[in-house]
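Undergrad: Compute the structure for the input listed below.
(one chain, ligands or ions: 2)
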Amino acid sequence: MYQNNEKTNMETRDDVSVYRTPPGQKLTEKFPVLTYGDIPQIPLTEWSFTIDGLVNNKITFNWEEIMSFKQTILTKDFHCVTQWSRLDNLWEGIRVKDLIGKNNLKSNAKYALIYCYGGYTTNLPSEVLLEDDVLLAHKHDGDSLSPEHGGPMRLVVPKLYAWKSAKWIKGINFIENEELGFWENLGYHSYGDPWKEQRFKF
Ligand SMILES: Nc1nc2c(c(=O)[nH]1)N[C@H]1C(S)=C(S)[C@@H](COP(=O)(O)O)O[C@H]1N2
Ligand SMILES: [Mo]
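TA: Ligands and ions are numbered 1, 2, ... in the order given. The predicted model follows:
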């Protein structure tokens, strides 16, 4: 890739993309849709989001309430375990940590199970969920999130494989001991770091 060829005039982004592509991944500029099962259609008037389990106060937000929280815009790469990566996704939404007052979490709330409209689930350590780059996103590349990409609201956990970025998110259940989600129960890695190729458990 880095031959000393005067005719090669690579742009900075292409150089950098080499370092931004985790092992075993191929870049795509498309935005493939990866969904197990049907696409749930949730009218905003019926949409709600709940934080429950090991919290001091269980909270449910409707669409207006959640949208009144501070909005954050992040540019992040997205890595699917089926080996495609899409660089520079512009996500807009609410940081999970801005939504959950840290003192609302009980000290034994070590793990989270994310649940979705349609029944999909995935698991994460609470620590990860509260990091600065984890969003409840309602926009992608400037447009409202389409239904097939998880609209009206999806989770985005950029540093883990994309199956953790749960579409049509409905709530977060905080628990003490790790419980596995949909793909994790079927043999995917419980953590899923693309840089360590944590694709499968075995
Ligand atoms: N609810 C739900 N969320 C989901 C999935 C799913 O099947 N259902 N698929 C996951 C997988 S495997 C990937 S790669 C990403 C794909 O997101 P996209 O379809 O917007 O590209 O969503 C993740 N979130
Ligand atoms: Mo995926």
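Undergrad: What degree of burial does residue 18 show, as a neighbour count?
TA: Neighbourhood size, residue 18 [other C-beta atoms under 10 Å]: 11. From N, CA and C alone the C-beta is placed, and that goes for glycine too.
Undergrad: gap between it and residue 25?
TA: Separation of residue 18 from residue 25 (C-beta to C-beta, to the nearest Å) stands at 11 Å.
Undergrad: And residue 80, by the same measure?
TA: 8 Å.
Undergrad: And the next helix or strand past the helix or strand where residue 85 lies?
TA: For residue 85, the element it lies in under DSSP states H and E is strand 84-95. Using DSSP H and E, the helix or strand that follows strand 84-95 in sequence is helix 96-99.
Undergrad: Would you mind naming what in the protein lies close to ligand 2?
TA: Within reach of ligand 2 by C-beta under 5 Å from the ion, the chain has these residues: 34, 80, 81, 162, 163.
Undergrad: Kindly reformat the residues you listed as TSV containing pLDDT.
TA: Converted to TSV, the residues of the chain next to ligand 2 look like this (pLDDT from 0 to 100):
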residue	pLDDT
34	96
80	98
81	98
162	98
163	98
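Undergrad: Dihedrals phi and psi, residue 194?
TA: phi -60, psi -30 (degrees, to the nearest 10).
Undergrad: brain fart, residue 109
TA: phi -80, psi 70.
Undergrad: List the contacts of it.
TA: 53, 54, 55, 126, 174, 175, 176 (C-beta atoms under 8 Å, 6 or more residues apart in numbering).
Undergrad: circling back: how about the residues of the chain next to ligand 2 in a markdown table, adding neighbour count and secondary structure?
TA: Shown next, in a markdown table, are those (neighbours: other C-beta atoms under 10 Å; DSSP: H, G, I helix; E, B strand; the rest coil):
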| residue | neighbour count | secondary structure |
| --- | --- | --- |
| 34 | 13 | coil |
| 80 | 17 | coil |
| 81 | 22 | coil |
| 162 | 22 | helix |
| 163 | 22 | helix |
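Undergrad: and the two most separated of these?
TA: Maximum pairwise distance among those (C-beta to C-beta): 9.1 Å, between 34 and 81.
Undergrad: pLDDT on stretch 120-129, on average?
TA: The pLDDT scores in stretch 120-129 average 98.
Undergrad: Go through it and flag the buried ones.
TA: Neighbour counts over stretch 120-129 (16 or more other C-beta atoms under 10 Å) mark 120, 121, 122, 123, 124, 126, 128, 129 as buried.
Undergrad: ok, those residues vs ligand 1, which is closest?
TA: Distance ranking of the buried residues of stretch 120-129 against ligand 1, using C-beta to the nearest ligand atom, places residue 120 first at 3.3 Å.
Undergrad: For residue 200, grab phi and psi.
TA: With angles defined as degrees, to the nearest 10, residue 200 sits at phi -120, psi 160.
Undergrad: Adjust the sequence numbering to begin at 423 for everything that follows.
TA: Fine by me, first position is 423 from now on; the one you just mentioned is residue 622.
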